[in-house]
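# need coordinates for the below:
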Amino acid sequence: MMDQKLTESLQKWLATPKEQRDYEQGNIYLFRLCGNKIQYRNLAANPSRHAEFISRQIQKYVNFRVREFTHDQVKQMEAQVEKIVEKRLSLEESNPANDFKKGKRADHDSLPEEIQSLYVENLGITQRMRDVQTRLRLLSTEESPCPDSERYPFLQELIALDKKIHDNWERYDHYAPVPEKDDESQTLGEGDSTSAPEQDKEVFKEETTEQSKKAQLIVNLSKGKYKKNPTPELKAKILENYALIGSPSDKLTEELKQLGILE
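Reported below is the predicted structural model:
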């Protein structure tokens with residue numbers, strides 16, 4: 001197995017300015033790489049005199065070692081991404097990740113905005129993961145294999161997105177609201193003219209109206225941003241809040257259709 005620490009030492013040596021390099025150490029590195037004792041002895045008499053040769057040879061070996069290391073790394077990342085795709089992006093009915101609504105908390109609408117946004121953000125992240133996975137799949141075919149250097153950034157992004165979506169779910173699922181203390185709250189007495197169920201209905205109606213207004217404001221602010229820079233995350237945010245608007249106007253609906261947000 002290739003010694004990655006040696007590769008890192010070689011890269012560090014090459015990154016040192018030429019006039020500051022220790023060419024005696026460079027000659028030792030070169031001997032470790034090729035094992036040529038005669039060459040080592042010939043260069044050892046005055047390694048600085050052979051600076052260009054030593055540097056060129058070490059660079060050649062580093063290029064090879066990095067290429068091999070990257071290939072092994074890409075293979076490991078591909079195996080990791082296969083599991084991610086199966087877990088997050090599989091279209092099989094048995095995959096729980098497909099039913100996003102099941103992950104939504106019953107108290108979602110009462111959560112702080114930054115916690116609600118984690119759910120919305122995960123909608124966008126999932127779409128981005130699908131886009132990246134599609135591009136990765138199209139990059140390489142049996143007839144035209146894709147170089148590791150081109151596959152690497154897509155694999156890296158998928159792994160990073162998977163970590164992000166996992167972290168978001170952890171925060172969203174485990175958020176515990178702090179109960180508010182209301183010193184002025186009192187239980188209903190016999191003289192109250194309004195029953196508890198009726199009061200609950202009024203509170204729910206007010207909360208629903210407030211929520212609808214808030215959602216309308218978010219959609220209006222976000223659609224302009226989407227027009228300038230359409231992203232999956234922003235689209236998901238707009239759709240999420242559009243669904244919370246009690247009676248969206250025909251004008252708003254038409255605008256979202258023209259932007260490609262609604263079909």
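# helix/strand/coil for residue 105?
coil (DSSP: H, G, I helix; E, B strand; the rest coil).
# list phi and psi for it.
Main-chain dihedrals, residue 105, degrees, to the nearest 10: phi -70, psi 150.
# okay, which residue is most central for the chain?
With distances taken as Cα atoms, centre = their mean, residue 161 lies nearest the centre of the chain, 2.3 Å away.
# what strand or helix carries that one?
Using DSSP states H and E, residue 161 maps to helix 148-174.
# tell me the buried residues in that helix?
Residues 148, 151, 154, 155, 157, 158, 161, 162, 165, 168, 172 are the ones in helix 148-174 that count as buried (16 or more other Cβ atoms under 10 Å). Bear in mind the C-beta positions are built from the backbone N, C-alpha and C, glycine included.
# now stretch 61-75
61, 62, 65, 74.
# residue 9 is in contact with the third one, correct?
No: using Cβ atoms under 8 Å, residue 65 is not in contact with residue 9, being 11.1 Å away.
# quick check: residue 247 vs residue 132, distance?
37 Å (Cβ to Cβ, to the nearest Å).
# same thing with residue 116?
Relative to residue 132, residue 116 is positioned 25 Å away (Cβ to Cβ).
# contacts only, for residue 73.
residue 152 (Cβ atoms under 8 Å, 6 or more residues apart in numbering).
# and residue 113, how far from residue 211?
12 Å.
# neighbour-wise, which of those two wins?
More neighbours surround residue 211 than the other of residue 113 and residue 211, with 16 against 9 (other Cβ atoms under 10 Å).
# quick one: the strands in the stretch 51-200 of the chain?
Secondary structure of the stretch 51-200 of the chain (DSSP state E, counting those that start in this stretch): no strands located.
# remind me which residues of it are low pLDDT?
Confidence mapping of the stretch 51-200 of the chain against pLDDT under 70 gives the ranges 68-70, 89-102, 140-150, 179-200.
# please consider this matter closed, and thank you.
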